[in-house]
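Chemist: Got a predicted structure here, sequence first:
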Amino acid sequence: MEKPLSEWVDLILRFYSGMSSLEEIDKWVYESGDTDEVLGIDGYFDYEDYEFSKKYIRNHRDQMKQMLLTALKNICSVHYEKLDAETKVICDVILSNESEKMYKLKRVCIENKKISKLAMQMLSEGKLENALTNTEVIIKLFQREGIPIFEKVINFQEIYGGIWYKIGKGYYKGYHMNIFYFDSQILKYRFKYWSKDSGKYFFQCMDYHYAGDIGPCIDEDGKIYNFFMGTYKLRADSIEEFLEDESIKYYFVNMYPKWINSSITNKQFNDLQKNVDFIKIESSHYTDKYFEWWKDVTESIFIRIDLLSKYEYIGDIYCRDNNIIRSCLGISFSNNYLYP
């Protein structure tokens, strides 16, 4: 008996989320009868000999996976209007076109002068994953949780949701930007993490590439925070300012792949300035309220100052060679490590 379209989509999505196997799909096709018109995959699964079909799958798994994507495309293109609203959105996400997403990002950000070309290059060299960016469905998720609608939070997800960018290779820095994740157990999108603190809403909007800790968060006004030990530390007035901060690291790591990195005290920074000509890196894309970037004239040293720091260590220094620091200060940083 032929299966309803929604059940086909559900089964394929379960396969992509690791909850069903190719063999399970093959058996379903075999038992359901004529499915060529629905799936548009004549000649792949629908064999009279079920045992032969299973053997074929074992030997052609990559081809079978591509076939399922073809089937999903066929359902969306031919039978799209028959699907329910949430299934339509999930199909749209899985079949989203990366080049269109990046084109939209460039058009919105560069033409409106939201971010610099350097920050855009950093994002463009990352990768995209399928992500929820449909405004109507995002609003429904807010309503489902009883959360007010915040335009700047939704704008973040619409423009940046699904972008992974990195700084360096291997064990690298950078973030995966997304407010939601797809819960494969219930086949629905959910917030990664949100909380209400001192009357303000906060939403986790980024993941680290290398750890399970809660990454940076965005508040209801669009400001970006680092989250550490249950507290929010303000880092930028907007996601664009945050990305400009990140793009400086991207710039010097691309110039030379390994840098000595260490914390720096106010005294050490002042002593360095006596021996090294530093230039402040100016940009119209950030406010100078939260951080400053400095570099020497040879671009062998970069220093990021945390303007909100209340501690002895006021920032981080990145240097191409510990010998440079030794010659300038007469010391080596004992707690240094290679960055990134």
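Modeler: Thanks, I have the structure now.
Chemist: Going along the chain, name the strands of the stretch 101-250 of the chain.
Modeler: 127-128, 163-167, 173-177, 180-183, 188-191, 194-197, 200-204, 206-208, 217-219, 224-228, 231-236 (DSSP state E, counting those that start in this stretch).
Chemist: The first one: how far from the chain's middle?
Modeler: Going back to what we said before, that points to strand 127-128. Distance of strand 127-128 from the chain centroid (Cα atoms, centre = their mean, to the nearest Å) equals 8 Å.
Chemist: looking just at contacts, which helices and strands does that strand meet?
Modeler: Secondary-structure packing of strand 127-128 (3 or more Cβ pairs under 8 Å, 6 or more residues apart in numbering; DSSP states H and E): helix 98-111, strand 163-167. C-beta: built from backbone N, CA, C; applies to glycine.
Chemist: Kindly report which one of those carries the lowest mean pLDDT.
Modeler: Note on the helices and strands packed on strand 127-128: helix 98-111 shows the lowest mean pLDDT, a mean of 57.
Chemist: Surely K280 and D288 touch.
Modeler: No. K280 is beyond contact range of D288, at 9.2 Å (criterion: Cβ atoms under 8 Å).
Chemist: would K267 count as being in a helix?
Modeler: Yes. The assignment for K267 by DSSP: H, G, I helix; E, B strand; the rest coil puts it in a helix.
Chemist: Pull the number of nearby residues for it.
Modeler: 10 (other Cβ atoms under 10 Å).
Chemist: now swap in S309 and tell me
Modeler: Residues lying near S309 (other Cβ under 10 Å) number 12.
Chemist: which residues sit in contact with it?
Modeler: If a contact means Cβ atoms under 8 Å, 6 or more residues apart in numbering, then S309 has G315 as its contacts.
Chemist: That one is in what secondary structure piece?
Modeler: Counting by DSSP states H and E, there is no helix or strand that carries S309.
Chemist: again with the one 5 residues further on
Modeler: Under DSSP H and E, the secondary-structure element containing I314 is strand 313-319.
Chemist: Quick check: buried residues in that strand?
Modeler: Across strand 313-319, burial judged by 16 or more other Cβ atoms under 10 Å covers 314-319.
Chemist: With stretch 161-173 instead?
Modeler: Buried, per 16+ other Cβ under 10 Å, within stretch 161-173: 161-168, 173.
Chemist: Adding distance to R304, write the strands of the stretch 101-250 of the chain out as TSV.
Modeler: Formatted as TSV, the strands of the stretch 101-250 of the chain follow (distance: least, Cβ to Cβ, whole Å):
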stretch	distance to R304
strand 127-128	26
strand 163-167	13
strand 173-177	13
strand 180-183	30
strand 188-191	31
strand 194-197	26
strand 200-204	23
strand 206-208	18
strand 217-219	20
strand 224-228	13
strand 231-236	11
